[in-house]
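Asks: I'll drop the sequence and a predicted model, then ask my questions.
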Amino acid sequence: MSQTDATQTPHAEDGHGAEHAAEQAGYKKSLNRRQVQMIAIGGAIGTGLFLGSASRLHSNGPALVLSYALVGVIAYFLMRSLGELVLYRTTSGAFVSWMREFFGEKAAYYTGWMYWTNWALTGIAELSAVGLYIQYWWPQMPTWATVLIALAVVLVVNLLSAKAFGEFEFWASVLKVTAIVVFIVVGIIVVAFSFDVGGHRAGIQNLWSNPGGFWPTGGGFAWYGPIIVMSGVVFAYAAIEMVGIAAGEMEDPKREVPKAVNSVIMRIAVFYCGALLLLVCILPTSEFTPGISPFVTVFGRMGMPWMANVIQAILIVAAMSSLNSGLYTTGRVLRSLGMAKQAPGFTLRMSESGVPWAGIVMTAVVYVFGSILNAVSPDAFEIALEAASIAVVFTWGTIFVCQLRLRRLTDRGVLPPSAFRAPGTPWTSYLGLAFLVFVLVGMAISGWQASPYFWHKTGFVVVVIGIPALIVIFELGWLIVKKRVFAHTGGRMLSKWTDSGLRYPPQPSGPRTESIAALGTVQFETDEWDDDDEDAEEEEEHAAHGPAHLEMHEWDNLEEPDKNPPDPDDEHREGRK
């Protein structure tokens with residue numbers, strides 16, 4: 001096959017699409033339309049809205065609504081970029097696979113482990129939060145017991161199947177969305193009829209009669225507060241990108257992903273901006289107390305304290321949903337890294353139901369140890385949790401840069417265009433990247449102002465010291481795995497595409513391409529044989545006549561590591577053939 005032919009059909013005949021096909025092998029297309037839509041609707045609704053918005057309202061006034069709206073626009077640009085990538089190539093490896101294809105092995109390594117770091121640290125925090133939420137009703141309940149029970153529940157759900165994960169997320173999203181919708185309906189009635197709420201008359205006038213006005217600048221408020229706070233608001237929308245990973249197990253991603261992506265802007269406008277607008281119209285922002293849900297505050301002032309129990313239950317659901325999503329995504333990302341020899345070989349293990357259980361269990365173990373750390377040294381863990389924010393910024397950045405690279409290649413005719421192209425490219429992606437740089441600057445500024453003591457300036461410490469520290473850690477990790485990755489790829493460490501076509505010519509298929517199996521489950525419908533009982537000639541004869549149903553190239557990228565460790569000499573001999 002010529003290089004020209006290869007570039008015309010990159011998904012099948014170029015030899016690189018086979019690598020992605022192998023990565024997807026073993027997964028079940030079991031996430032249905034009902035589950036996908038609710039995951040998309042409720043995915044971004046979590047503690048950032050139910051709890052975190054209280055401190056932001058208290059510190060920034062009604063202008064916070066604009067902060068959420070502007071960040072919501074960036075989130076929409078992100079999702080459109082993600083949608084273009086998903087419909088170009090749907091894979092459970094998502095950003096890791098795209099970074100490998102467009103920027104090479106090291107970029108994929110950084111992306112995968114940064115995303116895992118994000119969810120590992122976030123999940124530990126959510127797990128610890130569940131313990132505190134439970135003590136609202138049972139103050140004598142030991143946190144360690146709550147941690148183990150909560151983790152056991154989401155672990156069992158994830159190990160069952162992707163369908164079980166989807167069902168859990170469906171009902172979690174139903175509860176979260178229902179709570180917000182009920183509040184919005186009640187809030188509209190209260191504001192429309194100017195009811196008295198705790199001695200304050202509800203109404204639109206509260207937007208400017210609020211202490212300090214709509215955009216407070218005096219009395220302890222800084223004029224740049226609503227601008228700087230956007231660096232924190234972005235983390236309230238974290239997790240919306242997991243649709244890209246879930247797409248690999250959707251029944252019909254070409255239909256569901258565009259719908260999920262296009263609904264993002266409406267979800268943000270209604271559930272975030274709408275709810276916050278009603279909150280500031282009902283009560284002055286000075287009434288909201290950090291650490292107490294603003295929804296609890298409003299319902300309490302309305303004489304409905306029983307709603308505090310409902311909101312507290314929703315907080316637990318939101319935290320459990322985040323834990324569930326963390327296990328789901330990290331299991332898939334770790335398996336993608338494992339297939340490239342960038343993670344331990346056991347992360348390739350899958351169950352017969354199509355669950356990468358080894359990676360999920362690995363993350364669950366980290367959750368347990370992290371929760372212990374949180375209990376022993378909460379100050380140290382707070383810095384670690386802020387480091388997860390850096391990982392979110394990095395992940396969003398990879399989506400933007402991958403979309404820019406894909407669009408450049410499709411505009412040049414090297415790759416076929418995606419069926420769901422992002423509007424406004426490249427400017428929307430450039431704007432998104434510039435905003436992410438601003439987020440880091442905002443974190444440093446707000447962190448510096450947070451405390452007079454240096455090590456309590458968490459955001460500043462994370463940006464100025466944490467980012468270089470993470471780079472050093474990941475570079476050391478890369479030095480450890482680089483030799484294996486080099487042998488595994490035959491030295492093909494760079495991106496797969498140049499501006500004119502394939503960087504490397506496709507390798508001829510080998511006998512092992514037809515017999516690839518994941519540890520614990522057969523991934524391809526092929527005749528099997530015992531490698532220990534047959535010599536190389538018998539394997540070649542079997543491969544030549546056996547019923548292989550998927551043509552593959554670059555078999556060295558797809559070997560099972562425990563049975564066929566890469567040998568650089570084998571690759572030299574293969575090249576001479």
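Replies: Ah, there it is.

Asks: pLDDT score for Glu528?
Replies: Glu528 carries a pLDDT value of 34.

Asks: List the buried residues of stretch 174-188.
Replies: Across stretch 174-188, burial judged by 16 or more other C-beta atoms under 10 Å covers Leu175, Lys176, Val177, Ala179, Ile180, Phe183, Ile184, Val186, Gly187. Yep, even glycine has a C-beta here, placed from its N, CA and C like the rest.

Asks: what's around Ser336, how many residues?
Replies: Other residues near Ser336 come to 29 when the count uses other C-beta atoms under 10 Å.

Asks: tell me which element Gly218 falls in.
Replies: Assigning secondary structure by DSSP states H and E places Gly218 outside every helix and strand.

Asks: My guess is it contacts Gly61. True?
Replies: No - using C-beta atoms under 8 Å, Gly218 makes no contact with Gly61, being 11.1 Å away.

Asks: joint contacts of the two?
Replies: Shared contacts of Gly218 and Gly61, defined by C-beta atoms under 8 Å, 6 or more residues apart in numbering, are found at Gly212.

Asks: Look at those two and report which has more neighbours.
Replies: Neighbours per residue (other C-beta under 10 Å) separate Gly218 from Gly61, with Gly61 holding more: 25 against 10.

Asks: I'd like to know how far the more buried one sits from Gly198.
Replies: Per C-beta to C-beta, to the nearest Å, Gly61 is found 18 Å from Gly198.

Asks: Enumerate every residue touching Pro142.
Replies: Residues counted as contacts of Pro142 (C-beta under 8 Å, 6+ apart): none.

Asks: How confident is the prediction for it, by pLDDT?
Replies: Predicted confidence (pLDDT) at Pro142: the value is 83.

Asks: Could you do Thr398 as well?
Replies: On pLDDT, Thr398 comes in at 95.

Asks: What of the one 10 residues further on?
Replies: Arg408 carries a pLDDT value of 95.

Asks: what's the helix or strand containing it packed up against?
Replies: Per DSSP H and E, Arg408 falls inside helix 378-411. The helices and strands touching helix 378-411, judged by 3 or more C-beta pairs under 8 Å, 6 or more residues apart in numbering; DSSP states H and E, are helix 64-88, helix 95-103, helix 105-134, helix 357-376, helix 427-450, helix 458-461, helix 467-489.

Asks: Can you identify the element that follows the longest one toward the C-terminus?
Replies: Proceeding N to C from helix 105-134, the next assigned helix or strand is helix 143-160, under DSSP H and E.

Asks: so what does whatever helix or strand comes next after that next one touch, helix or strand wise?
Replies: The helix or strand immediately downstream of helix 143-160 is helix 162-192, counting by DSSP H and E. Packed against helix 162-192 by the contact rule (3+ C-beta pairs under 8 Å, 6+ apart) you find helix 33-42, helix 143-160, helix 275-282, helix 294-301, helix 306-339.

Asks: per-stretch mean pLDDT over the ones you listed, give me the minimum one.
Replies: Ranked by mean pLDDT, these end with helix 33-42 at the bottom, a mean of 72.

Asks: what's next to that helix, contact-wise?
Replies: Helix 33-42 is contacted from outside by 31, 163, 166-167, 169-170, 172-174, 176-177, 242-243, 246, 250-252, 255-256, 259-260, 263-264, 267, 321, using C-beta under 8 Å, 6+ apart.

Asks: Dump that helix to CSV, keeping only the CA atoms.
Replies: What follows is helix 33-42, C-alpha atoms only, in CSV (Å, rounded to 0.1, in the frame of the first residue of the first chain):
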residue,chain,number,x,y,z
ARG,A,33,-29.3,6.4,25.0
ARG,A,34,-31.1,6.9,28.3
GLN,A,35,-27.9,6.5,30.4
VAL,A,36,-25.8,8.7,28.1
GLN,A,37,-28.1,11.6,28.2
MET,A,38,-28.5,11.6,31.9
ILE,A,39,-24.7,11.2,32.4
ALA,A,40,-24.3,14.2,30.1
ILE,A,41,-26.9,16.3,32.0
GLY,A,42,-25.9,15.4,35.5
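
Asks: quick check, distance from it to the centre of its chain.
Replies: From the chain centre to the centre of helix 33-42 is a distance of 16 Å (C-alpha atoms, centre = their mean, to the nearest Å).

Asks: how deep is Ile383 tucked in, by neighbour count?
Replies: Using other C-beta under 10 Å, Ile383 is surrounded by 17 other residues.

Asks: so what's it scoring on pLDDT?
Replies: The model's pLDDT for Ile383 equals 73.

Asks: Not counting residues beside it along the chain, what's closest to it?
Replies: Residue nearest to Ile383 in three dimensions, not counting chain neighbours: Thr458, with 5.7 Å by C-beta to C-beta, 6 or more residues apart in numbering.

Asks: With Ala387 instead?
Replies: Using C-beta to C-beta, 6+ apart, the nearest residue to Ala387 is Gly466, at 5.1 Å.

Asks: Report how many residues lie close to that neighbour.
Replies: By other C-beta under 10 Å, 20 other residues sit near Gly466.

Asks: hang on, isn't it packed against Ala388?
Replies: No - using C-beta under 8 Å, Gly466 is not in contact with Ala388; the gap is 10.3 Å.

Asks: Not counting its neighbours along the chain, what's nearest Thr297?
Replies: Leaving aside its chain neighbours, Thr297 sits nearest to Phe288 (5.7 Å; criterion: C-beta to C-beta, 6+ apart).

Asks: shouldn't the one you found be in contact with Pro294?
Replies: Yes - contact status for Phe288 versus Pro294: in contact at 4.7 Å, counting by C-beta under 8 Å.

Asks: The two: who's more crowded?
Replies: Higher neighbour count among Phe288 and Pro294: Pro294, with 29 against 23, using other C-beta under 10 Å.

Asks: ok, the more buried one - contacts?
Replies: Contacts for Pro294 (C-beta under 8 Å, 6+ apart) come out as Ser53, Ala54, Leu57, Leu279, Phe288.

Asks: Pull the most distant pair out of the residues you listed.
Replies: Maximum pairwise distance among those (C-beta to C-beta): 9.2 Å, between Ala54 and Leu279.

Asks: Identify the contacts common to the two.
Replies: Shared contacts of Ala54 and Leu279, defined by C-beta under 8 Å, 6+ apart, are found at Phe288, Pro294.

Asks: who's more crowded, these two?
Replies: Set Ala54 next to Leu279 and count neighbours by other C-beta under 10 Å: Leu279 wins out with 25 against 22.

Asks: residues in contact with the more buried one?
Replies: Counting by C-beta under 8 Å, 6+ apart, Leu279 touches Ser53, Leu57, Gly187, Phe288, Pro294, Phe295, Val298.

Asks: change it to 7 Å
Replies: Applying C-beta atoms under 7 Å, 6 or more residues apart in numbering to Leu279 gives the contacts Leu57, Pro294, Val298.

Asks: helix or strand for the first one, which one?
Replies: Put plainly, it is Leu57. Leu57 is part of helix 53-60 when elements are defined by DSSP H and E.

Asks: contacting residues around that helix?
Replies: Outside helix 53-60, the residues within contact range by C-beta under 7 Å, 6+ apart are 64, 225-226, 229, 232, 276, 279-280, 285-286, 288-294.

Asks: same deal with stretch 411-419?
Replies: With contact meaning C-beta under 7 Å, 6+ apart, stretch 411-419 is reached by 7, 10, 84, 87-88, 254, 406, 409-410, 497, 499-501.

Asks: now, of the helices and strands packed on helix 378-411, which is deepest in the fold?
Replies: Comparing the helices and strands packed on helix 378-411 by mean neighbour count (mean count of other C-beta atoms under 10 Å), helix 95-103 ranks first with a mean of 27.

Asks: With distance to Asn206 as extra columns, can I get the contacts of Leu279 in CSV?
Replies: Below are the contacts of Leu279 laid out as CSV (distance: C-beta to C-beta, whole Å):
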residue, distance to Asn206
Leu57, 12
Pro294, 14
Val298, 12
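
Asks: In which helix or strand does Ala260 reside?
Replies: Using DSSP H and E, Ala260 falls within helix 253-262.

Asks: returning to what we had before: can you list the helices and strands packed on helix 378-411 in JSON lines and add distance to Pro506 and mean pLDDT?
Replies: Conversion of the helices and strands packed on helix 378-411 to JSON lines gives the following (distance: least, C-beta to C-beta, whole Å; pLDDT from 0 to 100):
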{"stretch": "helix 64-88", "distance to Pro506": "19", "mean pLDDT": "93"}
{"stretch": "helix 95-103", "distance to Pro506": "14", "mean pLDDT": "92"}
{"stretch": "helix 105-134", "distance to Pro506": "18", "mean pLDDT": "88"}
{"stretch": "helix 357-376", "distance to Pro506": "29", "mean pLDDT": "86"}
{"stretch": "helix 427-450", "distance to Pro506": "30", "mean pLDDT": "92"}
{"stretch": "helix 458-461", "distance to Pro506": "47", "mean pLDDT": "88"}
{"stretch": "helix 467-489", "distance to Pro506": "13", "mean pLDDT": "93"}
